[in-house]
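1. the following block contains a protein sequence and its predicted model.
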Amino acid sequence: MPVTTEAAIKELAGFKNDDVPVVSCYLDVDGRRQVRAQDYQRRLAALVREAGNGPLGDAVTADLARITEHMAGHLDRSGVRGLALFSCVPKGLWEVIELPVPVASRIVVNQAPAVGTLEAIVQELEPLGVLLADRQRARMFVFQFGELIDRSELFEALPRDYDETDDAGRGQHEQMQDHTDELATQHLRHAAEVAFKLYQDNGFGRLSIGASDEINAALEPLLHPYLRERLSPRIGVGAGASEAEVRAAALVVEQEVERAKEAAVVTRLRDGVGAGTKATAGLVDTLAALNDRRVATLVLSDGYAESGWRCSCGALAAKGPQCPVDGAPMEHVADVLNDAVDAALGQGCHLEICVGNADLDVLGRVGALLRY
Ligand SMILES: [Zn+2]
């Protein structure tokens, strides 16, 4: 993945010019919903046509062509669910940012890059801290967007004859053993300090430890309380792992954390629906809540698709053809959930797509936590 840090976004936000417009393009390329490349390419073509016919269309012909050309090429979508593209040919601006979350597809032509959506995503996706430790080594990594954004390494050698048995000098050996244990504990204390330093620098939301059971048991109590309350499931690599192994294992932890987060949202949904407060489930009621702009979090079962109806006023419905809001005739759409996702993201709602959550399936595969 290319560099995607808050710094890059700040740089984009700082790009200002008064004479030529900038094209910002957000594209939903989520393979779970946009199965084939043609699916998102068709959506892009429609957005490009619309922008080209807009008031600043003539000034951004080259930008729209470059975006179209870029998206016609092969896109490795593993881990990528959304794209943000920024182009201003006359000023030499060209930035493509891959996002691990879906975004509402849209093109904005303006004097500055439209970075609000990006900023919201960065705030939402807290970095993951990974601390690998053994008796001599401590390695701390911080990942964000699957990208390594910070690291720190510590090596504190224990006395070389550690672990050597010496029958002649038993007492001396035990003394040495006590001393090495003390050094090892001191080392873990340093490891905990390194972790806290990187936490202060990066503010990661979760911390995953990679260590033996023995080291883990000794290390956890030494962590700053802020870090202890952020502990995630342990990562399946030790202090000797390569960076690629750490990255791959970090992705597994991220997925476990994601599944747990999804389960928590579905529990809130189920409890809310049960109590009849600030929650709704099922396609009909969820679309109605979206039409009323009452949705805080749209909760959707991965892969759920259903035909429905869309009005030119933006309203969505399970049954047509008459718009429930203004009575106008609606257009039939093959997958109204696709439109619901776009509407939700466009309204600034959170989106939780749940993988293999049986509780959500029982609730009708879609639901919403409501603002009121
Ligand atoms: Zn309508």
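-> Now that the structure is in, tell me what you want to look at.
2. C-alpha only now, for contacts and for neighbours.
-> Noted.
3. for Arg246, what is the enclosing helix or strand?
-> Residue 246: Val, not Arg. helix 243-275 (DSSP states H and E).
4. check which element follows the helix-or-strand element of the chain with minimal mean pLDDT along the chain.
-> Every helix and strand in the chain was compared by mean pLDDT, DSSP states H and E; the lowest is helix 116-124, with a mean of 71. Downstream of helix 116-124, the next assigned helix or strand under DSSP H and E is strand 128-133.
5. the helix or strand following that following strand pairs with which strands?
-> The helix or strand immediately downstream of strand 128-133 is strand 137-144, counting by DSSP H and E. According to DSSP bridges, strand 137-144 forms sheet pairs with strand 128-133 (antiparallel), strand 147-155 (antiparallel).
6. where among these is average confidence lowest?
-> The weakest mean pLDDT among the strands paired with strand 137-144 belongs to strand 147-155, with a mean of 88.
7. picking that back up, turn the strands paired with strand 137-144 into CSV, including mean neighbour count and distance to Ala217.
-> As requested, those are exported to CSV (neighbours: other CA atoms under 10 Å; distance: least, CA to CA, whole Å):
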stretch, mean neighbour count, distance to Ala217
strand 128-133, 28, 12
strand 147-155, 15, 19
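8. need the ones you listed in CSV (columns: distance to the ion).
-> Shown next, in CSV, are the strands paired with strand 137-144 (distance: least, CA to the ion, whole Å):
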stretch, distance to the ion
strand 128-133, 43
strand 147-155, 43
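9. residue of the stretch 151-300 of the chain closest to the ion, please.
-> Nearest residue of the stretch 151-300 of the chain to the ion, counting by CA to the ion: Asn291, 9.3 Å away.
10. tell me the contacts of that residue?
-> The contact partners of Asn291, by CA atoms under 8 Å, 6 or more residues apart in numbering, come to Gly314, Ala315, Leu316, Val325.
11. the third one touches Ala340, doesn't it?
-> Right, the one you point to is Leu316. Yes: assessed by CA atoms under 8 Å, Leu316 is found in contact with Ala340 at 7.4 Å.
12. check the contact lists of the two and give me the overlap.
-> Leu287, Leu290.
13. neighbour count winner among those two?
-> Leu316 (31 against 23; other CA atoms under 10 Å).
14. pLDDT score for the residue found closest to the more buried one once you drop the neighbours it is linked to in the chain?
-> Of all residues not flanking Leu316 in the chain, Arg310 sits nearest, at 4.6 Å (CA to CA, 6 or more residues apart in numbering). On pLDDT, Arg310 comes in at 92.
15. lovely, talk soon.
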